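*Asks:* Quick check, what structure comes out for this input:
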Amino acid sequence: MPAVVHLLGYPGTGKRTVGAALVASVPRDEHRFVLVDNHLTGKAVLAALDTDSAVPIDPRVWTYVHDLRVHVLAAIEEMAPAGWSYVFTNYVVEEKPSPTLARLRALAEARRSTYVPVVLHCGPDELRRRVVGPDRAAHHKWTDPDGVMADVAGLTLVRPDSPHLLDLDVTHLTPPEAAARVLAHVRAVT
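*Replies:* Below you'll find the predicted structure:
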């Protein structure tokens, strides 16, 4: 069942939280899932810089984050056990093209895994509540509810063209419930 599960959604929908619940829900002796949260590479670079001040982050930082992501994907492709599955999280919108989808599809193909995109949806009131969660700032995540809601109103989430696409409304689901639905879908398509 090796898969590249790609959790997509607006900031605050619970991509990392659902991914962590998915990883935790499957015993390692049954199958290994590894979470590669979008902020994993960004946090590594941003932690070394002054991101707590009022000074805007130098945009050159994203080149370093990108380079680190390329190396993480290369390590997975070249060194990870063939039977492992990976859970990636991203916020990708149609108005800002990103090579992320193509890279993860290529990774799945190179690993002979199934690419399983999952688009997470969350109602506006719940999204506003989630985006200011106490753990988000610690992970260098967006915590401005007005800014997130402006994106929701003005930007369209990417829905990858895939026979394995799952649209999942997580507004009223706990992370373990959402993870269970994702896992059932992954098992059904792999």
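
*Asks:* Find the residue at the geometric middle of the protein.
*Replies:* For the chain, the residue nearest the mean C-alpha position is Thr89 (0.6 Å; C-alpha atoms, centre = their mean).

*Asks:* Can you pull the phi/psi pair for Leu8?
*Replies:* Backbone torsions of Leu8, given as degrees, to the nearest 10, read phi -120, psi 140.

*Asks:* can you tell me which helix in the chain is longest?
*Replies:* Longest helix of the chain, by residue count under DSSP state H: helix 61-79.

*Asks:* Can you check what angle separates the helix or strand that comes right after that helix from helix 61-79?
*Replies:* Scanning forward in sequence from helix 61-79 by DSSP states H and E, the next helix or strand is strand 85-90. Between the axes of strand 85-90 and helix 61-79, defined by axes from the mean of the first three to the mean of the last three C-alpha atoms, to 10 degrees, the angle is 170 degrees.

*Asks:* pLDDT on strand 85-90, on average?
*Replies:* Mean per-residue pLDDT for strand 85-90: 97.

*Asks:* Run the chain-centre distance for that strand.
*Replies:* In terms of C-alpha atoms, centre = their mean, to the nearest Å, the gap separating the centre of strand 85-90 from the centre of its chain is 6 Å.

*Asks:* Repeat that for stretch 122-131.
*Replies:* Relative to its chain's centre, stretch 122-131 lies at 17 Å (C-alpha atoms, centre = their mean).
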